[in-house]
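S.K.: curious how this folds, go ahead:
(chains A and B)
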2 protein chains.
Amino acid sequence: MSTYVKKLVKQAKAASYKLANLTTTQKNKALESMAKSLMDNRKAILKENKKDIEKAIAGKLKSSFIERLSLDDEKLKSMSVSLEEIAKLDDPVGKLISTSIRPNGIELKKVRVPIGVILIVYEARPNVTSDCSGLLFKTSNVGILRGGKNSFYSNKIIGRTLTKALKLSGIDFDAFFIVENTERKIVDELLKQNEYIDLVIPRGGETLIRKVVKSSYIPVIKHYKGICHVYVDKDADLEKALKICVNAKVQRPSVCNALETILIHQDVAKEFLPHLKQEFDKYSVQIKAGQKAQKFLKSAKKATQKDWSTEYLDLIVSIKIVKDLKEAIEHINFYGSHHTDAIVTENAARADKFVNTVDSACCFANISTRFSDGYQFGLGAEIGISTDKLHARGPMGLEELTIYKWIAKGNGQLRT
Amino acid sequence: MSTYVKKLVKQAKAASYKLANLTTTQKNKALESMAKSLMDNRKAILKENKKDIEKAIAGKLKSSFIERLSLDDEKLKSMSVSLEEIAKLDDPVGKLISTSIRPNGIELKKVRVPIGVILIVYEARPNVTSDCSGLLFKTSNVGILRGGKNSFYSNKIIGRTLTKALKLSGIDFDAFFIVENTERKIVDELLKQNEYIDLVIPRGGETLIRKVVKSSYIPVIKHYKGICHVYVDKDADLEKALKICVNAKVQRPSVCNALETILIHQDVAKEFLPHLKQEFDKYSVQIKAGQKAQKFLKSAKKATQKDWSTEYLDLIVSIKIVKDLKEAIEHINFYGSHHTDAIVTENAARADKFVNTVDSACCFANISTRFSDGYQFGLGAEIGISTDKLHARGPMGLEELTIYKWIAKGNGQLRT
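M.R.: Predicted structure coming up:
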């Protein structure tokens, strides 16, 4: 292990014990100071961000990549507002989950506590640096934030600005750490520090996340991708179905809860598909049709096997006709990514069957898949979405950044 | 991937969707049938177990190992009773965790569901085969159980007996799988099947668990060891402290919640240690004393640095004198295993400081560390203990074998 990593993780662990002792008031005051600091240091931050942008342009990186990397007054303002909003959220730390008096008189409590030290591995999105610093700090977790090398200058200045604000608010230790060394081996080393780091949350593309999972000795919470489905049942209100499909596909196609595959019951395909085609044409959505669906969508491209497990993140949709609800559920459980899937039906029993049997984090009836989101669920800010089956599933808010401890008090009870 | 593993994990995943549809009544009926089958097939099971024992004796394995491997009428009866008790426990699957109506009218529910497919990797303890089959089945999780090669015959017959009982109770698919291939590479392959297996719980020694963590792509819940402390504060009721230390150390020294290190406040060491020594002598407990403690424990061996992080699992205890509560907490957080630690004090503020600041799954005041146990906490049967900071911490009962899904129903809501 390099001296750099060794020092970093030890410092982070030590800080986690100090951080656990801060009051909610102290944390909120610091968050407000952090929010203000982003606005106060706007010019310097944008100047450093420009260095990253220029390097990215010179390196001929994709325009969508540069778009995500770029900051401006408006984006900085929104980062600042996010920190203010985190300050306003309820603090889950210290909350009592359950309490009981055991038959032998022992008083047993289950209480929410921070997880400890959390490593965030992310790509070139400077807003993640401030969002995650804020969310982890609010939940008394020490963050080790390691962003991509293409946002080196931006992350560095944001990190230093926030750290300074923390000090100004009266916190006398570093409560989050921006990894300024962007060598690949540093991440690999960090991922082996299971004695010091309690959780890894990778945020980025599937390749990044798979790399993290394969090298990590530390538990990872993640979602690889969002292959979200809408199943239009034979008892669907077709007008509703049409609006839901269009909203789920076009309202923001680049995000993980956008629709990728529509499954349609064979009995309503003939009536529904021409209307759907007409709507999708308005938004220039390209359709890839399964074998049976091609009959009703003559001009559509043919969907290959690969399409059923592809996350387009673009104005492309695949469409398949299914025999019944059972086939729809089997398709979703087999090809899907266990993220968010919806049924459109007026038949309550079939809606229940769908939401109970589809093995996804979010199972919906008669609403757009786009609602799978921390804010929409009322969780406040979201640290990420999990398609795992452990600890947290679906949108993760502040509570999902905590764990519990058992506290038991007695009067000399012994085990016999 | 070998054909064997490929077939196994696909079958397990498919079974998990069927299992999720069973009712609690169906599951309880099957569990009772499983319990009965162990008694009905007593002779055959003991005969196969004898083969394992004879091999172990011929292989000159340790007597404690053979003890754990050996079954008799009484142990079989207790395995059978465990299954009956699991049948009687509340089924957490399907329980509503929370519900809300969002401002846009969407009805949102968080509901408990099974985790899916769970791999148990364990050593030569045939009772784990039936206990884990029962606990996983009750929570609608498909178990893949891979025991040590030294219990090959025992696990095989127990697995087959239970599977047959399942069929007899009317379940027409395999709901747990005993891995009868005991080659090492099979475990390695299973640990990479993160597309099919959702969780790994290793049960056994630290070496086994470390191996699992390092090779697994699947989330692991575990505890490496239990280095449990009792801190005797300056305001302790010393009589209470004496009884707690003795109970925690000698009542069952071979288990993970037994006491390994006693920390004593410097102000009470002189009075307390001679009494403690006298009590420990009665039980032939060997004392390893830190530098300052040696003054009061002339005949004790000297504790080395290594002793503070050693789990003796035997009638050995290490003792250290500390300056104050702060030093005690720092010692525990640094050398401990974050399992179970207790303070003895009549000072409520100091008890609170201890339970809030010690970073362990179970933080106790004025009771024996031996209470860190699923039954004692009222969780019913225990699948294991976690010192992780994710999903579950401390004793894990049935609820900890579940996760949740988000179910949302609406009437055509769209995201704007």
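S.K.: from now on I want contacts and neighbour counts done on CA atoms only, so please keep to that.
M.R.: Fine.
S.K.: tell me the contacts of A:Val317?
M.R.: Contacts for A:Val317 (C-alpha atoms under 8 Å, 6 or more residues apart in numbering or on different chains) come out as A:249, A:259-262, A:285-288.
S.K.: next, give phi and psi for it.
M.R.: Reported as degrees, to the nearest 10, the phi and psi values for A:Val317 are phi -140, psi 140.
S.K.: tell me the spacing between it and A:Ile287.
M.R.: Relative to A:Ile287, A:Val317 is positioned 5 Å away (criterion: C-alpha to C-alpha, to the nearest Å).
S.K.: with the contacts of A:Val317 in mind, which one is nearest to chain B?
M.R.: Nearest to chain B, judged by C-alpha to the nearest C-alpha, of the contacts of A:Val317 is A:Lys249 at 10.9 Å.
S.K.: so the closest one: helix, strand or coil?
M.R.: helix (DSSP: H, G, I helix; E, B strand; the rest coil).
S.K.: tell me, how many residues neighbour the nearest residue to it once chain neighbours are set aside?
M.R.: Spatially, and ignoring its direct neighbours in sequence, A:Lys249 is nearest to A:Leu259 (4.8 Å; C-alpha to C-alpha, 6 or more residues apart in numbering or on different chains). Neighbour count of A:Leu259, defined by other C-alpha atoms under 10 Å in any protein chain shown: 37.
S.K.: same check, this time on A:Lys7
M.R.: When neighbours are counted by other C-alpha under 10 Å, A:Lys7 registers 11.
S.K.: try A:Arg393
M.R.: Residues near A:Arg393, counting by other C-alpha under 10 Å, number 25.
S.K.: neighbour-wise, give me the winner out of the contacts of A:Val317.
M.R.: Within the contacts of A:Val317, A:Leu259 tops the neighbour count with 37 neighbours, counted by other C-alpha under 10 Å.
S.K.: and that one, what does it touch?
M.R.: With contact set as C-alpha under 8 Å, 6+ apart, A:Leu259 has these partners: A:227-230, A:245, A:248-249, A:253, A:317, A:369-370.
S.K.: for chain B, what is the nearest residue in the stretch 51-200 of chain A?
M.R.: Of all residues in the stretch 51-200 of chain A, A:Ile115 sits closest to chain B, at 5.6 Å by C-alpha to the nearest C-alpha.
S.K.: please apply the same query to chain A.
M.R.: Closest contact between chain A and chain B, by C-alpha to the nearest C-alpha, is at A:His391 (3.7 Å).
S.K.: how far does the helix or strand bottoming out on mean pLDDT in chain A sit from the chain's center?
M.R.: Within chain A, confidence by mean pLDDT, DSSP states H and E is lowest for helix A:63-69 among all helices and strands, at a mean of 89. A distance of 19 Å separates the centroid of the chain from that of helix A:63-69, by C-alpha atoms, centre = their mean, to the nearest Å.
S.K.: by contact count, what packs against it?
M.R.: In this structure, helix A:63-69 makes packing contacts with helix A:42-58, judged by 3 or more C-alpha pairs under 8 Å, 6 or more residues apart in numbering or on different chains; DSSP states H and E.
S.K.: which residues of chain A fall in helices?
M.R.: Taking DSSP state H to define them, one finds helices in chain A at A:3-19, A:24-40, A:42-58, A:63-69, A:73-88, A:126-138, A:152-168, A:184-190, A:206-215, A:238-250, A:266-282, A:325-335, A:348-357.
S.K.: surely A:Ile262 touches A:Ile319?
M.R.: Yes - the pair A:Ile262 / A:Ile319 is scored as a contact, 4.8 Å apart, by C-alpha atoms under 8 Å.
S.K.: the stretch 251-400 of chain A: strands as residue ranges?
M.R.: Assigned by DSSP state E, counting those that start in this stretch, the strands in the stretch 251-400 of chain A fall at A:259-265, A:286-289, A:301-302, A:316-322, A:340-344, A:362-367, A:384-386, A:394-396.
S.K.: give me the contact list for the fifth one.
M.R.: Translated: strand A:340-344. Identification of contacts with strand A:340-344 by C-alpha under 8 Å, 6+ apart yields A:226-233, A:236-237, A:240-241, A:257, A:332, A:351, A:354-355, A:358, A:360-369, A:372.
S.K.: please repeat the previous calculation with a cut-off of 7 Å.
M.R.: Outside of strand A:340-344, the residues within contact range by C-alpha atoms under 7 Å, 6 or more residues apart in numbering or on different chains are A:228-233, A:236, A:241, A:257, A:351, A:354, A:360-366, A:369, A:372.
S.K.: please apply the same query to the second one.
M.R.: Residues external to strand A:286-289 that are found in contact with it (C-alpha under 7 Å, 6+ apart): A:300-303, A:315-320.
S.K.: go ahead and build a ChimeraX selection from the buried members of the residues you listed.
M.R.: Selection of the buried residues among those in ChimeraX, burial being defined by 16 or more other C-alpha atoms under 10 Å in any protein chain shown:
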select /A:300,302,303,315,316,317,318,319,320
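S.K.: any chance of the contacts of strand A:286-289 in a markdown table, plus pLDDT?
M.R.: Formatted as a markdown table, the contacts of strand A:286-289 follow (pLDDT from 0 to 100):
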| residue | pLDDT |
| --- | --- |
| A:Ala300 | 95 |
| A:Lys301 | 96 |
| A:Lys302 | 97 |
| A:Ala303 | 97 |
| A:Leu315 | 96 |
| A:Ile316 | 97 |
| A:Val317 | 98 |
| A:Ser318 | 98 |
| A:Ile319 | 98 |
| A:Lys320 | 98 |
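S.K.: farthest pair in the contacts of strand A:286-289?
M.R.: Maximum pairwise distance in these, criterion C-alpha to C-alpha, is 16.9 Å, between A:Leu315 and A:Lys320.
S.K.: domain parsing for chain A?
M.R.: A:3-222+A:393-409, A:228-371 (automatic domain parsing).
S.K.: adding distance to B:Thr310, write the ones you listed out as TSV.
M.R.: Below are the domains of chain A laid out as TSV (distance: least, C-alpha to C-alpha, whole Å):
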stretch	distance to B:Thr310
domain A:3-222+A:393-409	16
domain A:228-371	41
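S.K.: perfect, that will be all.
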